[in-house]
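Q: sharing a model that was predicted from the sequence below.
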Amino acid sequence: MLLELLIPGGIIFFLGLAAVLVSICLYAGLIDGWLQAFTVWFIASPSLLFALRGVVQKLIPAQVDHGRTDEDLDAYNAIAKVCEAIPVKGEGRIAFRGSTWMARNYHDDQGLEIGAKVRVVFRDNLVWVVEAIDSSENNKQKYPDNNP
């Protein structure tokens, strides 16, 4: 019966507990014969299940994993590769997470060529908005006074 505690759901534990109850009744002489034993077991099993399952669940809490459900959080700042050129103020495709996705450039003044490495900025419906990885270094060179 101890091994039955390890089985998820906890239902089998109560079936075993009913069997122990039947064996105690047989030993004490309260019931005799197979027909009475099965009758007591069929009545005791659901009775114990409905009566004690809530109590046992409170005493032995379930193992629950509360993971993040927002997949976009994992995508931010991820690196992807352009597989269809992204024109200026247009859309192309990136290879990301084992598939290709529609994407557009975060900076509308430049296009992205095939094979360029990009960083995912955010998602706008089904289109990923990306920026070139080296764009921040280019901006630092173009505008050294604005960037620390």
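A: Ah, there it is.
Q: how near is residue 76 to residue 66?
A: With the distance defined as CB to CB, to the nearest Å, residue 76 ends up 20 Å from residue 66. C-beta here means a position set from N, CA and C on the backbone, and glycine is covered the same way.
Q: cool, residue 111 as well?
A: Residue 111 sits 42 Å away from residue 66, going by CB to CB.
Q: these two: which is more packed in?
A: Relative neighbour count places residue 111 above the other of residue 111 and residue 66, with 17 against 5, counting by other CB atoms under 10 Å.
Q: how far away is that one from residue 121?
A: If you go by CB to CB, the gap between residue 111 and residue 121 works out to 16 Å.
Q: check residue 78 too.
A: 10 Å.
Q: same drill for those two, tell me which one is more crowded.
A: In terms of neighbours (other CB under 10 Å), residue 121 is the more surrounded of residue 78 and residue 121; the figures are 17 against 13.
Q: just the element for the more buried one, please.
A: Here residue 121, judged by DSSP states H and E, is contained in strand 117-124.
Q: strand partners of the following helix or strand past that strand, parallel vs antiparallel please.
A: Downstream of strand 117-124, the first helix or strand assigned by DSSP H and E is strand 127-132. When pairs are called by DSSP bridges, strand 127-132 turns out to pair with strand 99-105 (parallel), strand 117-124 (antiparallel).
Q: for these, which one sits closest to residue 34?
A: Distances from residue 34 to each of the strands paired with strand 127-132 were compared by CB to CB, and the smallest falls on strand 99-105, at 61.5 Å.
Q: buried residues in stretch 65-82, which are they?
A: 75, 80, 82 (16 or more other CB atoms under 10 Å).
Q: which ones among those residues lie within helices?
A: Among the buried residues of stretch 65-82, the residues falling in helices (DSSP state H) are residue 75.
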